[in-house]
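In: based on what follows, work out the 3D shape:
(one chain, ligands or ions: 1)
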Amino acid sequence: MVDCADPPVLLRDVLADVDDAVRLLEAQAPYTPLGGWYNPGADPHARTRPMWFQNDWVHDDFAADGSDLFLRHEAYIEAAKVFYDAEVIEPKSVYVNLMAAIAEGGPAHTDNPRFHGRDRTNTPMWLLRSMLWSGLFERHEITQATAIWWLSDVEGGGLRYWADGPDRAPREHVGAMANTALIGDNHRMFHQVAPMAAAGEATRLVSPSAELAPVGDATGDWAVTDHGEMVHRAPLDAYRVSVLWKADVYPTEADRVARQADNLTMIAVAATFDADLVERGLGLRLDLERLDDPELKAAFWATYAEPKPVGALRSVFEALA
Ligand SMILES: [Fe+2]
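Out: Numbers count the residues shown, from 1 in each chain. The predicted structure follows:
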């Protein structure tokens with residue numbers, strides 16, 4: 001079992017000029033629905049997805065023009081140093097979520113872990129998550145700070161977060177969210193997007209090829225177009241727009257150098273799990289030939305169980321399943 005994180009810190013007046021973010025949003029349009037991880041192989045023409053759009057602004061080998069506005073934000077870097085009592089903060093990624101008309105919550109979750117030598121490019125996500133919740137790989141885990149910034153105050157759409165641990169009621173940041181950011185440890189603290197829809201409004205679905213972009217007229221409205229049909233139109237500040245920033249955290253430069261030189265192999269992952277399973281008197285082993293086997297995943301998830309946060313709202317993806 002891993003420790004829960006300290007409560008996140010709220011930063012206000014994050015950007016000196018919010019229009020800088022609006023220009024970045026416009027320049028990076030159009031936006032496409034969140035990936036098909038929950039319904040792979042779905043019919044690309046069927047309206048199966050909520051209006052939850054996402055784009056990367058900074059990842060491994062890409063950085064959108066102007067994304068340093070968030071990536072190199074000094075208040076983020078300073079806040080992360082204080083939060084973790086750390087000297088080295090390496091900003092890694094920035095991505096944006098745009099949402100509209102979602103009557104259920106997002107999933108209550110912690111963000112996906114990374115380890116030195118093991119991440120989603122070479123290791124199944126179920127195994128990375130088992131590694132996290134086992135607590136057996138903390139020496140190799142990459143500490144990641146997260147900041148979430150909001151463009152505007154929308155109807156609902158708060159962030160619920162289990163700052164007191166998954167077995168205590170969540171807190172919520174809602175209402176005056178415009179140009180604020182929460183910075184903390186979203187890899188250990190459960191969190192969930194609250195519903196954002198008008199009273200009585202159901203979740204509106206679009207196809208995977210729908211696009212969200214500025215209409216391009218004098219109104220400044222943004223619209224969702226699906227197979228040539230405009231299916232939703234609203235001012236940008238009526239969408240729930242959040243920008244996520246992630247940075248790797250190291251207590252000292254010497255620690256960074258040592259950790260980055262110590263990459264975990266799959267053989268070592270299996271050996272560590274197997275030793276722990278022997279100690280627990282269990283017959284389960286991490287058979288590296290069976291990483292695609294759903295039964296192996298289920299057995300590991302049962303053994304190294306992820307907490308279920310109390311009071312989580314039903315997620316839109318559960319509702320659609
Ligand atoms: Fe998250």
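In: and F300, its phi and psi?
Out: Main-chain torsions, F300, degrees, to the nearest 10: phi -70, psi -40.
In: hmm, it is touching R285, no?
Out: No: if you go by Cβ atoms under 8 Å, F300 and R285 don't touch, sitting 10.3 Å apart. No exception for glycine: its C-beta is placed from N, CA and C like everyone else's.
In: what touches both of those two?
Out: F273 (Cβ atoms under 8 Å, 6 or more residues apart in numbering).
In: which one of these two is surrounded by more residues?
Out: Taking other Cβ atoms under 10 Å, F300 and R285 do not tie; F300 has more neighbours (21 against 14).
In: excluding residues flanking it in the chain, which one is nearest that one?
Out: The spatial neighbour of F300 that comes closest, neighbours along the chain excluded (Cβ to Cβ, 6 or more residues apart in numbering), is S130 at 4.4 Å.
In: which residues does the one you found contact?
Out: Neighbour list for S130: F273, F300, W301, T303, Y304 [criterion: Cβ under 8 Å, 6+ apart].
In: among those, which are in helices?
Out: Of the contacts of S130, the ones assigned to helices by DSSP state H are F273, F300, W301, T303.
In: am I right that the third one is in contact with P124?
Out: No: because the distance of 11.7 Å does not satisfy Cβ under 8 Å, W301 is recorded as not touching P124.
In: quick check: D85 touching Y250?
Out: No: counting by Cβ under 8 Å, D85 stays clear of Y250, with 11.3 Å between them.
In: of these two, who's got more company?
Out: A direct count of neighbours by other Cβ under 10 Å for D85 and Y250 places Y250 higher, at 20 against 8.
In: the biggest strand by length in the chain: partners in the sheet, and parallel or antiparallel?
Out: Longest among the strand segments of the chain by residue count, using DSSP state E, is strand 88-100. Using DSSP bridges, strand 88-100 pairs in its sheet with strand 49-59 (antiparallel), strand 240-250 (antiparallel).
In: which of these is buried the deepest?
Out: The highest mean neighbour count among the strands paired with strand 88-100, using mean count of other Cβ atoms under 10 Å, belongs to strand 240-250: a mean of 23.
In: and the residue nearest the centre of the chain?
Out: D111 (5.0 Å; Cα atoms, centre = their mean).
In: tell me how far that one lies from H59.
Out: Distance, D111 to H59, using Cβ to Cβ, to the nearest Å: 14 Å.
In: what's the answer for T123, then?
Out: Taken as Cβ to Cβ, the span from T123 to H59 is 18 Å.
In: next one: D153
Out: Note on D153: its distance to H59, by Cβ to Cβ, is 29 Å.
In: and T272, by the same measure?
Out: For T272, the distance to H59 - Cβ to Cβ - is 29 Å.
In: picking up where we left off before, what is the nearest of the ones in helices among the contacts of S130 to T180?
Out: Closest approach between the ones in helices among the contacts of S130 and T180, by Cβ to Cβ: W301, at 35.0 Å.
In: roughly how far does that closest one sit from R129?
Out: 8 Å.
In: again, but for A275
Out: 20 Å.
In: and the two? Which one has more around it.
Out: More neighbours surround R129 than the other of A275 and R129, with 19 against 11 (other Cβ under 10 Å).
In: show the backbone phi and psi for the more buried one.
Out: With angles defined as degrees, to the nearest 10, R129 sits at phi -70, psi -40.
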